[in-house]
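J.: Sequence and predicted structure below; questions after.
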Amino acid sequence: MIRIMVTGADGYIGKGVVEKLLDDGQEVIAMGLNPCGLENDHLTEYVGDIFEFDFSHLKSTPDAVLHLAWRNGFAHNNISNLEDLPKHYQFIERALEAGVKRIAIMGTMHEVGYHEGAVNENTPCNPVTPYAVAKNALRQLTEALCKKHKATWQWLRGYYIVSNDGRGDSIFAKLVAAVRGGEKSFPFTSGKNKYDFLPYDEFCRLVVAAVEQDAVSGIINICSGKPVSLGEYIEGFIAENKLPVTLEYGRFPDRSYDSPVIYGDSSKIREIMRNVE
């Protein structure tokens, strides 16, 4: 058993991650603006603003902090992404000063910017939105902080998460919402761009596997390692979930900053999963 503090435990990814950690028998300190909705003898909750949390109130130091909390992450151009950056930095710095020896943070493929092909830990990053710029800066700052405090850092670079429950603000959530609203067609791009997709439960499973070990660190792609065109994947999603809707291809232009094909190098997460299995 290890003791893991999870921020954003009440969020889209956080709930699934906390549940999986508890299923694995880990001790979890769940932090969020709202309760995560779970009950377990190994669960302690802190409800409130994590940026105001005082680590001295803890009875013992967590083995690791998994930092998932991030407001307006789906709103890539929202200026709050940049406004909150110093607060994220200060939170991580306080955790390290309190004696935490491992920091894991949820990153994003968007920090890479325009890129064609596989993304590995050495791929240069050229972010172009406030969200991506802030995430990329936090990655660089976290690496420097952890080196200063002789702590381990893990940057869990996420790609596209797929769920059919309508939560979040992804294209899959918007599609489900449209169907629930009675829409029979869904305005769409060309659908030709190829991305790296993972079902929600599998995504959470890989995040947990990465955090439950410390042999593999640095940038870890939470990905499938397989590029699939957006149109093909969503057509499969519609068929699998029996959604009575058709895609209106070409209604929206493809975004200029989206890569024609981008996916994660899965070698590090596969190494982790081999040790788990």
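T.: Looks like it came in fine.
J.: got the CA coordinates for stretch 237-252 in CSV?
T.: Only the C-alpha atoms of stretch 237-252 are listed here, as CSV (Å, rounded to 0.1, in the frame of the first residue of the first chain):
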residue,chain,number,x,y,z
PHE,A,237,-18.4,5.1,-31.3
ILE,A,238,-21.8,5.8,-32.8
ALA,A,239,-22.2,2.2,-34.0
GLU,A,240,-21.0,0.7,-30.7
ASN,A,241,-23.4,2.9,-28.6
LYS,A,242,-26.3,2.6,-31.1
LEU,A,243,-26.6,6.4,-31.3
PRO,A,244,-29.3,7.5,-33.8
VAL,A,245,-27.2,10.3,-35.3
THR,A,246,-25.2,10.9,-38.5
LEU,A,247,-22.1,13.1,-38.9
GLU,A,248,-22.3,16.1,-41.2
TYR,A,249,-18.8,16.1,-42.6
GLY,A,250,-17.3,19.4,-43.6
ARG,A,251,-19.7,21.6,-41.6
PHE,A,252,-16.7,22.9,-39.5
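J.: Show me the contact partners of it.
T.: 162, 164, 172, 175-176, 178-179, 183-191, 231, 234-235 (Cβ atoms under 8 Å, 6 or more residues apart in numbering). C-betas here are computed from N, CA, C, even on glycine.
J.: among these, which ones are buried?
T.: 162, 172, 175-176, 178-179, 186, 188-189, 191, 231, 234 (16 or more other Cβ atoms under 10 Å).
J.: Can you add distance to Asp10 and give those back as a markdown table?
T.: Output for these, formatted as a markdown table (distance: Cβ to Cβ, whole Å):
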| residue | distance to Asp10 |
| --- | --- |
| Val162 | 21 |
| Phe172 | 20 |
| Leu175 | 24 |
| Val176 | 21 |
| Ala178 | 26 |
| Val179 | 26 |
| Phe186 | 29 |
| Phe188 | 31 |
| Thr189 | 32 |
| Gly191 | 33 |
| Gly231 | 33 |
| Ile234 | 28 |
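J.: Including secondary structure and pLDDT, could the residues you listed go into TSV?
T.: Converted to TSV, the buried ones among the contacts of stretch 237-252 look like this (DSSP: H, G, I helix; E, B strand; the rest coil; pLDDT from 0 to 100):
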residue	secondary structure	pLDDT
Val162	strand	92
Phe172	helix	91
Leu175	helix	94
Val176	helix	93
Ala178	helix	94
Val179	helix	95
Phe186	strand	96
Phe188	coil	94
Thr189	coil	94
Gly191	coil	95
Gly231	helix	96
Ile234	helix	95
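J.: Tell me the gap between stretch 253-265 and the middle of its chain.
T.: 18 Å (Cα atoms, centre = their mean, to the nearest Å).
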